[in-house]
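Visitor: Just to be clear, the model below is a prediction. Sequence and coordinates:
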Amino acid sequence: MATVMIEDARTEEKRLLNVTEAATYLDCSIPTLRALIWNGAIPEIRITRRVQVDRKDLDTFIEKMKRSALTENGAGLRESLK
C-alpha cells in the first residue's frame, strides 16, 4: 500500500506527463488528446521518441476552453435576457 501512495504522489508532482497521463488529466480519450496535439491545440514535448505534455500547457488549454465557452454562450445568454 505504501508503495502505491508514493507512486501516486510522484505522478501528481510530475510536470511532464505522457499521453496516457495527460488524457487522464483532461478526462478524455487518448485519440482525442493525440488529435489536440496534432492540431496544435496542445503543444507536445518530444524527448527521443516519447511524446510528453507539460501540465502547465494542459491547464492553459483548460482555461482557454472556459473562456471561449463563456464568450460564446455568455454573449448569447446576455442577449436573450434583455
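Guide: Looks like it came in fine.
Visitor: Which strands border the longest strand along the chain, and is each parallel or antiparallel?
Guide: The longest strand of the chain (DSSP state E) is strand 50-54. Strand 50-54 has the following strand partners under DSSP bridges: strand 16-18 (antiparallel), strand 45-47 (antiparallel).
Visitor: and residue 36, which of the ones you listed is closest to it?
Guide: Closest approach to residue 36 among the strands paired with strand 50-54 (Cβ to Cβ): strand 16-18, 13.4 Å. Placement of C-beta: from N, CA and C, glycine included.
Visitor: Give me the buried positions along the closest one.
Guide: Across strand 16-18, burial judged by 16 or more other Cβ atoms under 10 Å covers residue 17.
Visitor: go on, stretch 54-61?
Guide: Buried residues in stretch 54-61, counted by 16+ other Cβ under 10 Å: 54, 55, 57, 58, 61.
Visitor: Look at the closest residue to the third one other than its chain neighbours and give its secondary structure.
Guide: Yep, that's residue 57 we're talking about. Spatially, and ignoring its direct neighbours in sequence, residue 57 is nearest to residue 43 (5.2 Å; Cβ to Cβ, 6 or more residues apart in numbering). The local conformation at residue 43, judged by DSSP: H, G, I helix; E, B strand; the rest coil, is coil.
Visitor: pLDDT below threshold where in this protein?
Guide: Along the chain, the model assigns pLDDT under 70 to residues 1-12, 67-82.
Visitor: which residues in it form helices?
Guide: Counting by DSSP state H, the chain has these helices, from start to end: 2-13, 19-26, 30-38, 55-81.
Visitor: helices and strands around the shortest one, which ones?
Guide: When contacts are defined as 3 or more Cβ pairs under 8 Å, 6 or more residues apart in numbering; DSSP states H and E, helix 19-26 packs onto helix 30-38, strand 50-54, helix 55-81.
Visitor: Could you rerun that using 10 Å?
Guide: helix 2-13, strand 16-18, helix 30-38, strand 50-54, helix 55-81 (3 or more Cβ pairs under 10 Å, 6 or more residues apart in numbering; DSSP states H and E).
Visitor: how much does it deviate in direction from strand 50-54?
Guide: If you take axes from the mean of the first three to the mean of the last three Cα atoms, to 10 degrees, helix 19-26 sits at 30 degrees to strand 50-54.
Visitor: Many thanks, I have nothing further to ask.
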